[in-house]
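In: One predicted model, sequence on top.
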Amino acid sequence: MIKTIDLPTKAERHKRFGSVPPIKGSKPTDKEKMPDLQNTPNDFLFAINSVGICNVKHPVIVHSELEPKVQTTIATFALTTSLNQMSKGINMSRLTELLQQYHEEGFVLSFDHLQRFTKELAEKMEQTSATLEVTFPWFFERKSPALDKVGLMHADAKMKVTYNSDVDQYTYETGLTGAVTTLCPCSKEISEYSAHNQRGYVRIETVLYSDSVCDKDWKKALLDAAETNASAKLHPILKRPDEKLVTENAYENPRFVEDMVRLVAADLYENPLVKAFTVECRNEESIHVHDAIATITYEKE
Ligand SMILES: Nc1nc2c(ncn2[C@@H]2O[C@H](COP(=O)(O)OP(=O)(O)OP(=O)(O)O)[C@@H](O)[C@H]2O)c(=O)[nH]1
């Protein structure tokens, strides 16, 4: 049997919980009559390198060399501009206004689009430089090594584009963090049986040559650099024949964190798109409660 409660109306409930009617204010409600504090000129002591909004979640379309070739994913944006010393603030609403405009046109995360976006952003905000940074989970199909069982994996990808109107130039950065298996060479060497192994996280950040930004799938190149140098790849689905292969593969390719970052660095060095890079490997050690970590930063010029 349903119990009945004699509830007051919603308006009465709100009143009882403290809501009060709006006052008849004296300040203007028309946009034209409102003071524009952000655009009030004065000497505000310092120019600002970067001001804007971050942690903005938005759906985007991602193209990929791997299956699925087209996917919709949720990205996290940071949209910022520079600000000169004589302006109090930027017009922040214009940042999300532009994001909505691109969303309505179908926002594909290509360097082409991001390049257009940052230039429009700098113009719309009347500032010399604008930066768009976007991170998103990128999904790709992975087959099991023996039985070809297909499942979806993901890595965390990042794109960053900065436009500088003073020189009419862009900078392009990419990033990817992927998980791999690493098996300890020392443990393999000294033990009668087995070797400790763990999940390692490879984080790669790159600065690309401006003239090299093209249709090539940079995500796949960074994923390959991380995975093909590891003891073994991770898989969403493994049957017994697959598991045997993955286990043996890891044993055949032991890696310290130092080995990982050096080998990934060598692949990035050989990649003609990459001008500078940072590679970090962090192993969640299975024989410790702490992690092992190594980093290399390198500039080709
Ligand atoms: N500059 C600045 N704006 C903020 C800050 N915190 C909040 N705001 C935003 O400022 C918004 C007003 O946006 P503006 O773009 O300046 O509004 P507007 O001047 O009516 O917009 P335009 O017509 O495009 O010039 C509010 O909705 C707030 O979200 C802050 O710390 N700095």
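Out: Yes, it's here.

In: The host helix or strand of residue 219: what's the following helix or strand?
Out: According to DSSP states H and E, residue 219 maps onto helix 218-227. As assigned by DSSP H and E, the chain's next helix or strand after helix 218-227 is helix 240-252.

In: same question for whichever helix or strand comes after that following helix, mean pLDDT?
Out: Going down the chain from helix 240-252, the next helix or strand is helix 257-270, by DSSP H and E. Helix 257-270 carries an average pLDDT of 98.

In: Name the residues that touch helix 257-270?
Out: 180, 182, 185, 200, 202, 204, 206, 224-226, 228-230, 255, 274, 277, 279-283, 292-296, 298, 300 (Cβ atoms under 8 Å, 6 or more residues apart in numbering). For every residue, glycine as well, the C-beta is placed using N, CA and C.

In: Please list only the buried members of these.
Out: 180, 182, 185, 200, 202, 204, 206, 225-226, 229-230, 255, 274, 277, 279-283, 292, 294, 296 (16 or more other Cβ atoms under 10 Å).

In: just checking, residue 299 touches residue 275?
Out: Yes - at 7.3 Å, residue 299 counts as touching residue 275 under the criterion of Cβ atoms under 8 Å.

In: ok, those two, which is more surrounded?
Out: Taking other Cβ atoms under 10 Å, residue 299 and residue 275 do not tie; residue 275 has more neighbours (18 against 8).

In: tell me the mean pLDDT for stretch 112-130?
Out: Mean predicted confidence for stretch 112-130 is 96.

In: For that stretch, buried residues please.
Out: So for stretch 112-130, counting by 16+ other Cβ under 10 Å, buried means 113-115, 117-122, 124-125, 127-130.

In: Would you pull up how far that stretch lies from the middle of the chain?
Out: Its chain's C-alpha centre and that of stretch 112-130 lie 19 Å apart, by Cα atoms, centre = their mean, to the nearest Å.
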